[in-house]
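Q: Dropping a prediction and its sequence here:
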Amino acid sequence: MGKHEKYGIPGTGIANLWDTADNQLISGDPVAAKTLKDMKIDPDADLSDDGLETPLAGPGKNRIKEMTTGVSVRIKGIVKIFFSSKKALMITAAAIILLIGGIAGALFFLGNGPESDRNTQEKEAAQPAAPVMAPAVFEDIVALAPFERLRLKESSSMTLISINLSLELTDSRYKQEVLAVEDKIRQIVTTQAEGMSWLELRNPEGKIMLKYDLLKRINSIFPETVVRNIYYTNFLMQ
C-alpha cells in the first residue's frame, strides 16, 4: 500500500487528475486544466506535513511530551523558590518543632497514666493520716441546754423567747458543782426571763439587765462567787 493509499487516497487517483487536466486542455477549458495542474502532487510524496497523519503521531506526541516537561519544570521551580525563602524555612522549622513537642507531650502523658496514678495513690496511702482536731473544750465554760419558747410578760404581740446561755466560771474546779445544781439554775433563768417584757428585751440595755440579774441570782446559790460571766449564744424573740 502506498503512502497515499493509507489515508484513503489511492495512488492512481492522482494520475487520473493529470489525465483530466490534459483532457480539459484538449476540450478547450484552459482554466480548469490550469487549476488541476497547480494542485499537482507527487504520488510518492509524504503527506504527513499536510495534516493527514493521525493526531497521536509525530508532532502530537512531541506536543504532549513538551507539556509534561513544562509542568514538571514549573513544579520544581515552585519547590525551589519555596525552600529558598527564609520565611518559608522558618515556618517549616516551627512546624517541625511543634510536631516534635506534640509527640513528646503525648508520650509523657501516656507514660504517666495509670502507673503514675497508682504510684501517687500508694504514696498517699503510705503517708500518716493528719490528726483529727478535737473540738476545743474550755474547762471553765458550762453550756446550758437551750431554753425554748419561754413566755414573756404581756406587752405586745410578741410574747415568746428562745435563748441559749453559757456560764463562764471563776475556776474550772467549780464545774462539777454547777452541773450538780443545773436544774436550779435553769429555774432561775426561766423565772427571770418570763418576768421581763418584749419591749424591755428588744434593746441591748434590756439584755444586759437580764444578764446581770441572772449572775446575781445564780451566784447566790453558792457560798462564794462561782460564775464570772454569762454569754448569749442564741437570743430569739417571737
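A: Great, that's in hand.
Q: From start to finish, how long is stretch 175-187 in a straight line?
A: For stretch 175-187, the separation between the terminal residues is 18 Å (C-alpha to C-alpha, to the nearest Å).
Q: State the mean pLDDT of it.
A: The pLDDT scores in stretch 175-187 average 92.
Q: got it, and stretch 201-209?
A: For stretch 201-209, the mean per-residue pLDDT is 89.
Q: Send me that stretch as CSV with only the CA atoms.
A: Taking Å, rounded to 0.1, in the frame of the first residue of the first chain, the C-alpha atoms of stretch 201-209 are listed here in CSV:
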residue,chain,number,x,y,z
LEU,A,201,-35.6,42.8,125.9
ARG,A,202,-35.7,44.2,122.4
ASN,A,203,-33.0,46.7,123.3
PRO,A,204,-29.3,45.9,124.2
GLU,A,205,-29.9,47.5,127.6
GLY,A,206,-32.7,45.0,128.5
LYS,A,207,-30.5,42.1,127.5
ILE,A,208,-27.6,43.4,129.7
MET,A,209,-30.1,43.9,132.6
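Q: buried sites along that stretch?
A: Under the neighbour-count criterion of 16 or more other C-beta atoms under 10 Å, stretch 201-209 has Leu201 buried. For the C-beta atoms, the positions are set from N, CA and C on the backbone; glycine is no exception.
Q: Make 421 the starting number, not 1.
A: Sure thing, new numbering starts at 421, so read that last one as stretch 621-629.
Q: Identify the residues contacting stretch 618-626?
A: For stretch 618-626, the external contacting residues (C-beta atoms under 8 Å, 6 or more residues apart in numbering) are 572, 575-576, 578-579, 581, 616, 627, 629-630, 657.
Q: actually stretch 572-580, not the one I typed
A: Applying C-beta under 8 Å, 6+ apart, the contact partners of stretch 572-580 are 569-571, 581, 613-621, 657-658.
Q: Out of those residues, which sit inside helices?
A: Of these, the ones assigned to helices by DSSP state H are 613-614, 618-621.
Q: Got a quick PyMOL command for the buried subset of the contacts of stretch 572-580?
A: The buried residues among the contacts of stretch 572-580 can be selected in PyMOL (16+ other C-beta under 10 Å) with this line:
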select buried, resi 570+581+613+616+617+618+620+621
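Q: and of the contacts of stretch 572-580, the nearest to Ala526?
A: Gln658 (66.2 Å; C-beta to C-beta).
Q: give me the beta-bridge partners of the closest residue to the closest one other than its chain neighbours?
A: Using C-beta to C-beta, 6 or more residues apart in numbering and skipping the chain neighbours, the partner closest in space to Gln658 is Leu580 (4.1 Å). When bridges are called by DSSP bridges, Leu580 pairs up with Arg571.
Q: what about Leu580, neighbour count?
A: For Leu580, the neighbour count with other C-beta atoms under 10 Å is 13.
Q: mind checking pLDDT for it?
A: 86.
Q: can you pull out the helices in this structure?
A: Taking DSSP H as the test, the helices found in the chain are 431-447, 450-458, 479-504, 506-531, 534-546, 595-600, 602-614, 618-621, 624-639.
Q: Pull up the distance across stretch 571-579, start to finish.
A: 6 Å.
Q: Trp523 - how many residues pack around it?
A: Let me fix one detail, which is that residue 523 is Ile and not Trp. So Ile523, with other C-beta under 10 Å, has 10 neighbours.
Q: Nearest residue to Glu559 in space, ignoring adjacent ones along the chain?
A: With C-beta to C-beta, 6+ apart as the criterion, Glu559 has its nearest non-adjacent residue at 3.7 Å, and that residue is Ser592.
Q: Please report how far that neighbour lies from Lys631.
A: 21 Å (C-beta to C-beta, to the nearest Å).
Q: Look at those two and report which has more neighbours.
A: A side-by-side neighbour count of Ser592 and Lys631, using other C-beta under 10 Å, places Lys631 first with 16 against 12.
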